[in-house]
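Engineer: my questions are about this predicted structure, shown below with the sequence.
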Amino acid sequence: MPRRGSRSPFLLLVVALVIVAAYVAYKVYIPKGPTPFPSERELPQHERSEQERNLEKKSERRNQNRKRSEPDESCVGLGVICTSVYFDAWREPSDGACTPSTRMGYPVPDPACTPGGVNPTVAVQALRDPGWKTRCIRNCESSEPEKHVVYRWYGTITPRRNSGKNQVCELDHLVPLELGGADGLGNIWPECGPDAAIFESRYFKIKDRVEDYLADEVRDGRMSLGDAQRGIASDWTQYLDAARHHANVRLRRR
């Protein structure tokens, strides 16, 4: 008959083996930290949904808008803020819905798509102030990339080379910023051509002369700001002759 303690070494060996196996399993198979759920992991770009990417882009645009809305320090004392008031009811057009027309041989925007508008916080006193610059409100409501959507509205191909002497189009503020025009998209249209003309004879350069003329008229008190704003919004070509005369006078004074 076997002795009572003869099984003790065998049992101790079994217990030791179980302990070793448990320790190995813990080290090898159990993660050191909590495994994140799929929604918490940063997925590779190709695995992320289009919706997620769109949400990120919208968030980036909102952040850019917040940054753009910060006023230039030199403009703070003028009481100017970023806001737009349009001359007619406006809603964002669909692609290809806008058609420019022609007056006196020059293009004018579709009034349904580009009714024109103003920043009502820009008063005559601000325009006369030495601290006033168009950068006070430029790109404050719509960034330069965001403005490019108007090319699609007007069914116009965005020019690939469009700078310096090669510029053929301008994303133009119908009511110019130097007259307190709005920076919202209801005041912006693509003013393009003519392609064959020299740079100084392109349409947007000719309109620039109209804008300079009206700005001088307003600052010198010969025309009210409201009349200048509504006049250029309704038909900028009506001031062509006066603008040419104004430009010639300025040249003679130099």
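Structural biologist: Arrived safely, thanks for sending.

Engineer: pLDDT on stretch 98-110, on average?
Structural biologist: For stretch 98-110, mean pLDDT rounds to 97.

Engineer: run through who's touching that stretch.
Structural biologist: 112-114, 150, 153-155, 174, 189, 191-193, 203, 206-207, 235-237, 240 (Cβ atoms under 8 Å, 6 or more residues apart in numbering). Just so you know, the C-beta spots here come from the backbone N, C-alpha and C atoms, and that holds for glycine as well.

Engineer: can you count the residues close to the spatially closest residue to Glu92 that is not a sequence neighbour?
Structural biologist: The shortest distance from Glu92 to any non-neighbouring residue, by Cβ to Cβ, 6 or more residues apart in numbering, is to Leu185 (7.0 Å). Burial measure for Leu185: 23 neighbouring residues, criterion other Cβ atoms under 10 Å.

Engineer: try Ala89
Structural biologist: Neighbour tally, Ala89, other Cβ under 10 Å: 8.

Engineer: can you pull the pLDDT of the closest residue to it other than its chain neighbours?
Structural biologist: For Ala89, ignoring the flanking residues on the chain, the nearest one in space by Cβ to Cβ, 6+ apart is Pro115 at 7.9 Å. Here, the pLDDT recorded for Pro115 equals 98.

Engineer: again, but for Ser69
Structural biologist: Residue-level pLDDT assigned to Ser69 equals 46.

Engineer: cool, Ala196 as well?
Structural biologist: For Ala196, the model assigns a pLDDT of 87.

Engineer: measure it to Ser163 for me?
Structural biologist: The spacing between Ala196 and Ser163, counted by Cβ to Cβ, to the nearest Å, is 18 Å.

Engineer: ok, Gly181 next?
Structural biologist: 22 Å.

Engineer: who are the neighbours in contact with the residue nearest to Glu92?
Structural biologist: 92, 142, 146-147, 149-150.

Engineer: give me that answer again for 7 Å
Structural biologist: Contacts for Leu185 (Cβ atoms under 7 Å, 6 or more residues apart in numbering) come out as 92, 142, 147, 150.

Engineer: what about the first one, how many residues nearby?
Structural biologist: Counted by other Cβ under 10 Å, the residues lying close to Glu92 total 10.

Engineer: am I right that it is in a helix?
Structural biologist: No: the assignment for Glu92 is coil, going by DSSP: H, G, I helix; E, B strand; the rest coil, so no helix is present there.

Engineer: helix or strand right after the helix or strand of the chain with the lowest mean pLDDT?
Structural biologist: Ranking every helix and strand in the chain by mean pLDDT, DSSP states H and E puts helix 50-68 at the bottom, with a mean of 50. Toward the C-terminus, helix 50-68 is succeeded by strand 85-86 as the next helix or strand (DSSP states H and E).

Engineer: so what touches that next one?
Structural biologist: With Cβ under 7 Å, 6+ apart, strand 85-86 has contacts from 115-118, 120, 182, 186.

Engineer: max pairwise distance over those: which two?
Structural biologist: Largest separation among the contacts of strand 85-86 by Cβ to Cβ: Pro115 and Pro120, giving 15.1 Å.

Engineer: these two: who's more crowded?
Structural biologist: Pro115 (20 against 12).

Engineer: wait, the more buried one sits on Trp189?
Structural biologist: No: the pair Pro115 / Trp189 is not scored as a contact, 10.4 Å apart, by Cβ atoms under 7 Å.

Engineer: give me the pLDDT for Arg161.
Structural biologist: 86.

Engineer: between the contacts of strand 85-86, which sits nearest Ile81?
Structural biologist: Using Cβ to Cβ, the contacts of strand 85-86 come closest to Ile81 at Pro120, 9.5 Å.

Engineer: now the helices for the stretch 1-150 of the chain?
Structural biologist: 8-29, 50-68, 124-128, 144-147, 149-153 (DSSP state H, counting those that start in this stretch).
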